[in-house]
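J.: Build me a structure from this.
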Amino acid sequence: MGSVSLKIGDGTAKFKRSTLCSSGLNIVMLVSVLITNLFALYAFTSPPLHLQHPTLQEHKNITVISEHVSLILREIGAAQKKLSQMQKELSGYESLDFWAPNIPSELKLYLQPQTLPLGKDSKMGITEMVASIGHPCSNSLDLLARYMNYKVGQTCPDDWDLAQKLMLRGCEPLPRRRCLSRPPAPKVELLLRFPASLWKPVADKVVSWSRYRCKSFQCLNARKGQAKAADDCVDCFDIVKGVENQRWVKAMDRNDFVVDDVLALGNGGVRIGLDVGGGTGTFAARMAERNVTIITSTLNLNAPFNEFVAARGLFPLFLTLGQRFPFFDGTFDLVHTMHLLSDWIPVESMEFLMFDIDRVLRAGGLLWLDKFFCAEEELKKTYVGLIEKFGYKKLKWVVGPKGDASATGRTEVYLSAVLQKPPRA
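T.: Residues are numbered from 1 along each chain as shown. Alright, predicted model coming up:
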């Protein structure tokens with residue numbers, strides 16, 4: 001039949017395919033084994049007529065019955081394991097235990113390859129639709145089972161935070177679900193027209209607040225100076241009077257670049273871009289004012305970042321750093337990231353991320369590292385070499401002290417740089 005192996009970390013996840021004919025034959029064989037054992041049980045427990053001691057015979061019969069019941073139970077257990085393995089082979093996910101009691105039927109159905117009704121598609125070269133979920137989903141089966149436990153065709157559970165928890169554990173992409181989404185339904189007049197929506201306060205009613213500590217944007221803005229370190233930002237929702245209103249149009253220090261200066265380096269060739277970890281979408285808003293379309297990847301870490309970006313008339317992308325960017329090679333003229341990339345990310349993961357950024361950036365495109373921060377010694381020892389290995393041209397390169405003291409007591413610095421991707425043969 002053949003098999004395809006996908007190397008993941010130190011292990012190998014194998015995806016095999018079995019025909020329905022061989023699966024049916026295996027099931028017949030298993031049923032035959034069970035029937036044979038039942039006949040054997042009947043033969044062994046029927047008392048012979050010539051025996052003269054009924055009490056002794058009854059004791060022997062009970063012993064024989066016990067032994068054969070145990071044998072049949074073992075056969076049934078082995079049959080279940082065989083059927084589970086067949087399901088895994090047919091679905092292509094051998095690391096999932098389909099006989100586990102907590103596996104919802106919806107997940108089993110989703111993972112089953114579905115044969116194309118018109119036969120092989122000549123353009124795509126496939127004969128069936130195969131579902132896709134992240135391999136690490138098998139490490140969080142309890143959470144995945146909760147996520148896939150819903151009523152088909154009814155309103156989905158209010159569990160976006162469960163989805164995010166799975167994503168952060170590497171279960172990405174998540175399986176699709178057959179339930180109806182439950183976003184709030186604000187009145188049309190609450191959705192401001194573009195471009196006025198870029199800098200007007202967002203109405204509370206565009207967000208479902210049930211899964212957040214704060215229940216309004218006023219509460220989020222009031223966190224200034226008292227927010228915990230786990231909060232992704234403490235002032236980025238105040239787009240009217242806060243610091244966010246001045247970002248990228250007014251330099252606060254030497255590591256701040258303004259958008260007009262950076263766009264000038266692109267010689268008019270910046271049209272579409274990606275902002276990795278873009279928070280509330282202010283970078284995208286500044287670029288939108290200059291007719292540049294930016295996609296903002298962001299998570300909802302203790303606050304409704306995705307909802308806020310969308311309410312501003314911008315494009316949010318609910319994506320973790322561990323996920324490959326869902327864009328074709330050489331798509332973007334500009335890739336920007338601020339604060340997100342730093343030495344909290346393992347060096348190996350950082351390298352994979354940088355190569356993926358390089359993949360989606362076109363030749364001649366700009367990579368804007370905006371206040372990348374790390375320990376001063378690590379910048380020289382590790383990160384300069386990592387950045388320089390791509391051979392980008394340094395259009396801007398500024399290293400300066402990080403204003404706030406690090407909790408570890410080490411000296412940290414900012415690196416702000418605009419790099420141009422070279423053409424490659």
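J.: so the residue lying closest to Ala375 once chain neighbours are set aside, which of the three states?
T.: Nearest-residue entry for Ala375: Arg410, 4.9 Å, with adjacent residues in sequence omitted and distances by CB to CB, 6 or more residues apart in numbering. Placement of C-beta: from N, CA and C, glycine included. Using DSSP: H, G, I helix; E, B strand; the rest coil, the structure places Arg410 in coil.
J.: Could I get the contacting residues of Val276?
T.: Taking CB atoms under 8 Å, 6 or more residues apart in numbering, we find Val276 in contact with 297, 321, 335-337, 340-341, 357.
J.: Count the neighbours of Gly281 for me.
T.: Gly281 has 30 neighbours, counted by other CB atoms under 10 Å.
J.: So it sits against Arg312, correct?
T.: Yes. The pair Gly281 / Arg312 is scored as a contact, 5.5 Å apart, by CB atoms under 8 Å.
J.: before we move on, the earlier item: inside helices: which ones of the contacts of Val276?
T.: Ile357 (DSSP state H).
J.: Among the contacts of Val276, which pair sits farthest apart?
T.: The most widely separated members of these, counting by CB to CB, are Leu321 and His336 (14.7 Å).
J.: So those two - more neighbours on which side?
T.: The residue with more neighbours, out of Leu321 and His336, is His336; 25 against 18, by other CB under 10 Å.
J.: wait, what's in contact with the nearest residue to the more buried one once chain neighbours are set aside?
T.: Excluding the flanking residues, the one nearest His336 by CB to CB, 6+ apart is Trp368, at 4.3 Å. Each residue near Trp368 by CB under 8 Å, 6+ apart is listed here: 257, 262, 334-337, 417-419.
J.: try it again with 10 Å
T.: Remark: with contacts taken as CB atoms under 10 Å, 6 or more residues apart in numbering, Trp368 is in contact with 257, 259, 262, 265, 273, 275, 283, 334-338, 395-396, 416-419.
J.: Now do the helix or strand that contains it, average pLDDT.
T.: Assessed by DSSP states H and E, Trp368 sits inside strand 361-375. The average pLDDT for strand 361-375 rounds to 96.
J.: And the next helix or strand past it?
T.: Strand 361-375 is succeeded, C-terminally, by helix 376-378 (DSSP H and E).
J.: Check which helices and strands that following helix is in contact with.
T.: strand 412-420 (3 or more CB pairs under 10 Å, 6 or more residues apart in numbering; DSSP states H and E).
J.: Which elements pack onto the strand it packs on?
T.: Applying 3+ CB pairs under 10 Å, 6+ apart, one finds that strand 412-420 contacts helix 259-265, strand 332-338, strand 361-375, helix 376-378, helix 384-388, strand 393-401.
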